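**Student:** Would you be able to build a 3D model of this:
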Amino acid sequence: MFSQVRTTKRLKVSTDQGQEIFDSGVPVYGITGWFDLFSARSVIGLFRASRNPFSRLTIGPWPHGDMQLSPGHPIRRSDYDWFAEILQFLDEHMTGNASSSLPTKLIHYWTLVEEKWKAADCWPPPSSHHVDYHFSVERALDPEPPTDDSAADVFSVTVSQPLKAPTRWTQDWRAYCQIMSSDFAVLRYDTAVLTEDLEISGHPLVTLFVESTLPDCQFLVALLDVDEQGVRCITEGLFRALHRKAAEEPARAPYADPLPAHTFLREDMSPLEPGTANEVVFDLLPVSYLVLAGHRIRIAFRALDASQFEILAGPTPAWRLLRDRTHQSRVSIPVMPRGHEEQQGGSSRLVVMNDGLAVDQNWRCPL
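**Tutor:** Numbers count the residues shown, from 1 in each chain. As a prediction, the model looks like this:
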């Protein structure tokens, strides 16, 4: 998904790694943060691939370090004790002291803005479900499907040098977490003002129907939280259209990903057909985030930053983003129902927590 990030070497991904992890029977403990570049998605995949009932997953409000981040708030040092947590897990499984009983929950994750730990038996959380917000007239995000026979928005892809919008790729966390006055978008769509809080927990999905002047292009997309103070980034994603072909066999994608699976293999390249409607589906980075009542949700297409990403050689493409009844371009947001009863209490797996652990109802679901 993020193969266009600048790197000093090429990495080869084996499509049988997930099966190898599954076959090993070794329990895995994945600890990551929502801001740890793109590792949350990878660690979730690793956890899913293990399928061991004693495997664990913890996702906190961290980048790759001991900072605790929260959009719109100053950075502070986290007091989470990673070393104690890891040592406890290793003691359980390497010294023969592992408990014969399963812990109450397999996954613990932090919901941003709400600033609360929660727990679930699988990821995405069992009660999370996707709600479609369609790109609509007057740059609106509409939960109702379009009824027009023909509708589109036209814009040209631009390359910024450098991009003024802070992204996680710069790792300037102070800028990334501050309330921005602009979304730096070349195209955007907004929901109506929310009348109640909306929790997003899972992987937002983007479905585009595009006509492009070129057979390949890159999409840099941000999901934003907007109010009268400004803009905060919920999550973001980058995708190259050439890799849009879905893996027909899940095993051909790393870790048997349950999301739109793309192999990123040369043999599966699928160039866009200029002048025709091309479907492109990809996910944004996973997140758990509470959008407050009185705010709006925005999907923003941003210019590419040549200082952060490898830009495709040649001219930049122009797009027609189709949004009619036949071509329903949209963002599918993983929504958690609010008002469901939560259980309060501690956890045998989280050894250092300041606050009581707020967990969801005791759902069980297959991994």
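
**Student:** all contacts plus neighbour counts: C-alpha atoms, from now on.
**Tutor:** OK.

**Student:** and the most centrally placed residue in the chain, what are its phi and psi?
**Tutor:** With distances taken as C-alpha atoms, centre = their mean, the residue of the chain nearest its centroid is L285 (1.8 Å). Per-residue torsions, L285: phi -60, psi 140 (degrees, to the nearest 10).

**Student:** and it, what does it touch?
**Tutor:** Going by C-alpha atoms under 8 Å, 6 or more residues apart in numbering, L285 touches 38, 40-41, 203-204, 235-237.

**Student:** Okay, and which of these map to strands?
**Tutor:** 235-237 (DSSP state E).

**Student:** Filter those residues down to the buried ones.
**Tutor:** 235-237 (16 or more other C-alpha atoms under 10 Å).

**Student:** before we move on, back to that, make CSV out of the ones in strands among the contacts of L285 and add distance to E114 and pLDDT.
**Tutor:** Shown next, in CSV, are the ones in strands among the contacts of L285 (distance: C-alpha to C-alpha, whole Å; pLDDT from 0 to 100):
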residue, distance to E114, pLDDT
T235, 16, 94
E236, 19, 92
G237, 23, 91
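
**Student:** Now tabulate those in JSON lines and tack on distance to R325.
**Tutor:** Output for the ones in strands among the contacts of L285, formatted as JSON lines (distance: C-alpha to C-alpha, whole Å):
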{"residue": "T235", "distance to R325": "28"}
{"residue": "E236", "distance to R325": "26"}
{"residue": "G237", "distance to R325": "26"}
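
**Student:** Quickly name whichever of those residues is closest to G294.
**Tutor:** T235 (19.4 Å; C-alpha to C-alpha).

**Student:** So what pairs up with the closest one in the strands?
**Tutor:** Counting by DSSP bridges, T235 forms beta bridges with L223.

**Student:** so how far is S50 from it?
**Tutor:** In this view, T235 and S50 are 26 Å apart by C-alpha to C-alpha, to the nearest Å.

**Student:** ok, now S181?
**Tutor:** 43 Å.

**Student:** Domain map for this structure?
**Tutor:** Annotated domains of the chain cover 17-126+339-359, 129-336 [automatic domain parsing].

**Student:** Could you tell me the average pLDDT over the shortest one, please?
**Tutor:** Domain 17-126+339-359 comes out with an average pLDDT of 77.

**Student:** tell me how far stretch 179-186 is from the chain's mean position?
**Tutor:** When distances are taken as C-alpha atoms, centre = their mean, to the nearest Å, stretch 179-186 is centred 19 Å away from the chain's centroid.

**Student:** what's in contact with it?
**Tutor:** Here stretch 179-186 makes contact (C-alpha under 8 Å, 6+ apart) with 71-72, 155, 157, 164-165, 229-232, 300-303.
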